[in-house]
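S.K.: could you work out the structure for the sequence below:
(one chain, ligands or ions: 3)
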Amino acid sequence: MTTIDLAVIPGDGIGKEVVPEALKVLGKALSGTGVEIATTHYDLGAEYWQRTGQALSDEDLEAIKGHDAILLGAVGDPSVPSGILERGLLLRLRFALDHYVNLRPSKLYPGVPTPLAEPGQIDFVVVREGTEGLYCGNGGVVRQGTPQEIATEVSVNTAFGVERVVRYAFAKAASRPAKHLTLVHKHNVLVHAGGLWRRTVEAVSAQYPEVTVDYAHVDAATIYLVADPGRFDVIVTDNLFGDILTDEAGAITGGIGLAASGNINPEGAFPSMFEPVHGSAPDIAGQGIADPTATISAAALMLDHLGHTRPARRIEAAVEADMAGRADGRSRSTAEIGDAIAQALEA
Ligand SMILES: NC(=O)C1=CN([C@@H]2O[C@H](COP(=O)(O)OP(=O)(O)OC[C@H]3O[C@@H](n4cnc5c(N)ncnc54)[C@H](O)[C@@H]3O)[C@@H](O)[C@H]2O)C=CC1
Ligand SMILES: CC(C)CC(=O)C(=O)O
Ligand SMILES: [Mg+2]
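M.R.: Ligands and ions are numbered 1, 2, ... in the order given. You can find the predicted model right below:
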């Protein structure tokens, strides 16, 4: 028997509602495969912060490093000042565990409603840099609260950091049928960071002659995602642009409740972390109506990452089957969707 030693961080809001559904589906998908999951729950999030004043203790971080993988729901709560949990828990994990690849696949499944007039075929992957850019907390405020206040937030892009994620994106593109990579940035204005990204893509492209490459400024990319999403295969971009584009990607492929992501440390020096693209959704938390599909698909990404491709494919197929049945527009509870996907695995 192989055991996956999984750290589970349900977090806040709907994170606590969707994670049990993913665990339910994981259990079903692995039943009879010779692989089992051993879970350790970490009750991190708003309540923990209220109780302890800490978002993530050094001890918990060290303990989390010892697991094979992490399944996270979402963090953030209106009772906690904005940024405390997002930076102190989620980003701390991503940075400390060197999750430099934030992998966010987008696929429009048959039967899934999309707001697009002419959706065509949507099947692309966003490779978002996960440890640098505007999210590394480089900045500050002077003369706070005065009319002379100045707030800075500096985007950090290193040659090392950009090159490793660009290499990952090229390898990903080379492994896909379309073999196409789009760099999304804003190098017409952000000339320093954009220049580094552009030169890096040019340099690495020489080693991947089979991959075609193009470029879109991020503002135009938001148009193309709506007007011509079929043009994308692999998008490589920085931390902020990737965050924004992948919420939009979720919206065009059936909704943010379907969009999964993996925070990957490709070398395996640290456990990778799998989570939905969405947040804790305080507006619907506690009602049992959040769609758990994104978290269930994130669990499939995790199995894939750990080399358990067969159960991963089975979860994907069960999700796809469930989506095909959504055309009737009937609303279901979080648990009903989880049950339906788990049941589809029995077929
Ligand atoms: N990875 C994470 O833990 C993330 C945390 N956050 C945090 O979450 C909190 C809420 O942020 P928002 O900007 O409102 O983003 P959000 O992603 O939580 O919600 C945006 C909208 O999508 C809907 N939604 C989200 N997930 C859904 C699901 N599974 N099923 C159905 N509808 C769903 C929500 O009801 C809301 O209308 C904030 O504290 C934010 O910082 C936001 C994004 C990612
Ligand atoms: C809450 C942020 C730190 C992250 C986010 O929105 C994301 O990773 O999609
Ligand atoms: Mg986001």
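
S.K.: helix/strand/coil for the residue nearest to the spatial centre of the chain?
M.R.: Averaging the C-alpha coordinates of the chain gives a centre point, and the residue nearest to it by Cα atoms, centre = their mean is residue 261 (2.6 Å). Of the three states, residue 261 takes strand according to DSSP: H, G, I helix; E, B strand; the rest coil.

S.K.: for it, what are its contacts?
M.R.: Contacts here follow Cβ atoms under 8 Å, 6 or more residues apart in numbering; on that basis residue 261 touches 102, 103, 104, 246, 274, 275, 276, 277, 298, 301. (Each C-beta comes from the backbone N, C-alpha and C, glycine too.)

S.K.: so which of the residues you listed is the closest to residue 200?
M.R.: The shortest separation between residue 200 and any of the contacts of residue 261 is 17.2 Å, and it belongs to residue 102 (by Cβ to Cβ).

S.K.: dig out what the closest one forms beta bridges with.
M.R.: residue 128, residue 263 (DSSP bridges).

S.K.: now do the phi/psi pair for residue 182.
M.R.: Taking degrees, to the nearest 10, you get phi -120, psi 120 for the backbone angles of residue 182.

S.K.: switch to numbering from 43
M.R.: Okay, using 43 as the starting number, the last item reads as residue 224.

S.K.: count the residues that sit near it.
M.R.: Residue crowding around residue 224 was assessed by other Cβ atoms under 10 Å; the count is 23.

S.K.: what's the neighbour count on residue 307?
M.R.: That count, for residue 307 with other Cβ under 10 Å as the rule, works out to 19.

S.K.: list the residues that contact it.
M.R.: Taking Cβ under 8 Å, 6+ apart as the criterion, residue 307 is in contact with 139, 140, 141, 142, 143, 313, 314.

S.K.: how about a cut-off of 6 Å?
M.R.: 139, 140, 141, 314 (Cβ atoms under 6 Å, 6 or more residues apart in numbering).

S.K.: from these, pick the one nearest ligand 2.
M.R.: Of all the contacts of residue 307, ligand 2 sits closest to residue 141, with 10.3 Å by Cβ to the nearest ligand atom.

S.K.: okay, and the beta partners of residue 256?
M.R.: In this structure, residue 256 bridges to residue 224 when assessed by DSSP bridges.
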